[in-house]
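Asker: pasting the structure only:
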């Protein structure tokens, strides 16, 4: 079993930056990916970015490219999401997930999930 704990959410003004962090109790399998998803009110959960433990390759949703950066520290079992130029459309609960998905954007293919952290961007 793996526990994932997110931190770093909060309320910011449009244009601001925010850094989220996901701490895993253990990596379990270095082939696993750690991903960030988000869910806005009344919308389905959507993929944001992912990073693979073993080779640190990264993947981004189109909405995240250029503004969000996923990074990690394998020694600390952490994966961070640096977000800049935030806008109100980024308001959502952000979730950290870990697993070995065949399709990295499919949330149902991730085995482990954190509780989520709220990000609110006001205009």
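Answerer: Cool, the structure landed. No experiment lies behind these values; they were computed from the predicted model shown. Residues are numbered from 1 along each chain as shown.

Asker: and residue 53, what pLDDT?
Answerer: Confidence at residue 53, expressed as pLDDT, is 89.

Asker: State the distance from the closest residue to it other than its chain neighbours to residue 69.
Answerer: What sits nearest to residue 53 in space, not counting adjacent residues and going by Cβ to Cβ, 6 or more residues apart in numbering, is residue 30, at 4.7 Å. Glycine gets a C-beta too; all of them are placed from N, C-alpha and C. Separation of residue 30 from residue 69 (Cβ to Cβ, to the nearest Å): 21 Å.

Asker: Between those two, which has more neighbouring residues?
Answerer: When neighbours are counted by other Cβ atoms under 10 Å, residue 30 and residue 69 differ, and residue 69 comes out ahead with 16 against 10.

Asker: ok, back up a step: does the residue nearest to residue 53 sit in a helix or strand, and which one?
Answerer: Under DSSP states H and E, no helix or strand contains residue 30.
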